[in-house]
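> please work out how this folds:
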Amino acid sequence: MVHNPLVIAGSGRSGTTWVLDALAEANNLRPVFEPLNPDGVNEAKDFCNRYVRENEYEPELKHFMEKVFDGKVSYIWPNTRSLPFKLRPNILHMTSWDYNYNLLSRYKKFCIQYTNYLRKKSFRPITKFIRANLMLDWLSANFNPRIIFLVRHPGAVTASKIAASKRKYGAVWDFYGSDIQNTLSQYKNDRQLHKDYLYKYYEIFSKELSPVSGHALIWCIENILPIYNLQRKKNYVFFYEDIIKNPEREFERMVTMLDLERTPDKSSVVRPSQQASFEMRNESIAELQLTRWVKSFNQQQLEEIDMMLKFFNVTIYNAYEPMPVSRTQNLI
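Next up, the predicted model:
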């Protein structure tokens with residue numbers, strides 16, 4: 001590798017795609033999109049959402065990440081943001097006009113994105129992860145990357161995930177459904193994560209959790225430890241809310257941290273990302289009300305979020321303030 005790898009990391013729905021695309025466009029970088037998504041990259045199935053200690057010997061993971069950071073992961077998903085199974089026609093459904101229309105729309109989107117990102121194959125890669133939060137120390141030790149870690153209010157992340165589930169499945173994302181349950185089970189059953197960190201909070205896994213408290217729990221597991229470790233090593237953590245309030249200042253800081261040359265112009269900063277919610281696509285990002293997510297919850301649900309944050313000793317947010325209440329995360 002000629003350069004230090006460039007990494008954008010954070011939980012899903014935290015603004016990672018927005019930041020990735022703005023920085024990539026401004027600096028002629030090649031965005032590598034979520035290479036740890038097991039639905040899009042077969043090799044990622046053994047590595048996604050894993051907790052990996054800084055000094056662990058992980059030759060297979062290292063080989064995979066070498067390919068990622070060299071821009072040599074050849075799967076369709078990280079290069080075009082299209083999942084192959086969604087492009088395969090189902091003959092049984094092709095008698096439906098709606099199905100054919102949606103399939104054609106997917107092909108059209110795929111062609112546009114393939115053409116766009118093919119042009120950038122020779123550019124320096126910048127990689128976005130939403131499933132690598134718990135291996136950032138290991139990545140730092142093995143690849144010396146320049147890392148931008150994004151964190152967003154757990155209430156906003158939870159509201160966004162539930163809203164996305166309603167649009168996709170027509171119902172609230174069942175916390176005990178397969179995807180979420182698998183993620184939680186992975187964290188629960190990780191012996192090293194338990195030994196190093198979760199033993200202090202393990203009783204939470206015995207409680208019955210609602211979708212709201214369940215997503216808040218996952219946010220705590222995925223964010224508190226990496227935030228604390230990054231700040232302890234004097235690395236910056238970027239708050240989504242600060243970027244919304246003052247994008248010029250925050251993007252300038254990101255460009256400095258990544259040792260890039262150009263700050264994104266205003267047009268790319270206010271443009272919503274591919275992953276943005278419906279509301280974000282219908283308003284300028286700069287004009288978004290940071291309190292929007294609060295209206296998604298009743299008082300009991302806000303209390304559930306706040307209880308989870310207090311249980312995990314979260315010092316940067318509470319459930320009732322949309323902005324961070326501190327910029328430093330303690331680990332007790």
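> distance of Ser296 from Ser11?
From Ser296 across to Ser11, the span is 17 Å (Cβ to Cβ, to the nearest Å). For every residue, glycine as well, the C-beta is placed using N, CA and C.
> tell me which of the two has more neighbours.
More crowded of Ser296 and Ser11, by other Cβ atoms under 10 Å: Ser11, with 23 against 16.
> spatially nearest residue to that one (excluding sequence neighbours)?
Glu222 (4.9 Å; Cβ to Cβ, 6 or more residues apart in numbering).
> next structured bit after the helix or strand where that neighbour lies?
Per DSSP states H and E: Glu222 is located in helix 211-232. Downstream of helix 211-232, the next assigned helix or strand under DSSP H and E is strand 237-239.
> what number of residues lie near Asn189?
Asn189 has 10 nearby residues by other Cβ under 10 Å.
> and the pLDDT at Met1?
Looking at Met1, its pLDDT stands at 59.
> tell me where the chain has strands.
Counting by DSSP state E, the chain has strands at residues 6-10, 29-33, 124-129, 146-151, 237-239.
> closest to Arg81 out of those?
Closest approach to Arg81 among the strands of the chain (Cβ to Cβ): strand 29-33, 5.0 Å.
> what sits up against the closest one?
Residues from elsewhere that reach strand 29-33 (Cβ atoms under 8 Å, 6 or more residues apart in numbering): 6, 17, 20-21, 23-24, 68, 71, 73, 77-79, 81, 117, 120-128, 260.
> so which of those residues are in helices?
Thr17, Leu20, Asp21, Leu23, Ala24, Val68, Trp77, Pro78, Asn79, Tyr117 (DSSP state H).
> my read: the fifth one touches Ile126, true?
Translated: Ala24. Yes: taking Cβ atoms under 8 Å as the definition, Ala24 is a contact partner of Ile126 at 5.4 Å.
> gap between Glu241 and His153?
Counting by Cβ to Cβ - Glu241 and His153 are separated by 7 Å.
> quick check: neighbours shared by the two?
Joint contacts of Glu241 and His153 (Cβ under 8 Å, 6+ apart) are Pro322, Pro324.
> those two: who's more crowded?
Per other Cβ under 10 Å, whichever of Glu241 and His153 has more neighbours is His153, with 25 against 19.
> count of neighbours near Leu87?
14.
> next: the one 10 residues further on.
With neighbours defined by other Cβ under 10 Å, the count for Trp97 comes to 8.
> check what pLDDT it gets.
Trp97 is given a pLDDT of 89.
> could you do Lys109 as well?
On the pLDDT scale, Lys109 gets 86.
> which ones are touching the closest residue to it other than its chain neighbours?
Spatially, and ignoring its direct neighbours in sequence, Lys109 is nearest to Ser82 (7.0 Å; Cβ to Cβ, 6+ apart). Contacts here follow Cβ under 8 Å, 6+ apart; on that basis Ser82 touches Ile76, Arg106, Lys109, Phe110, Gln113, Tyr114.
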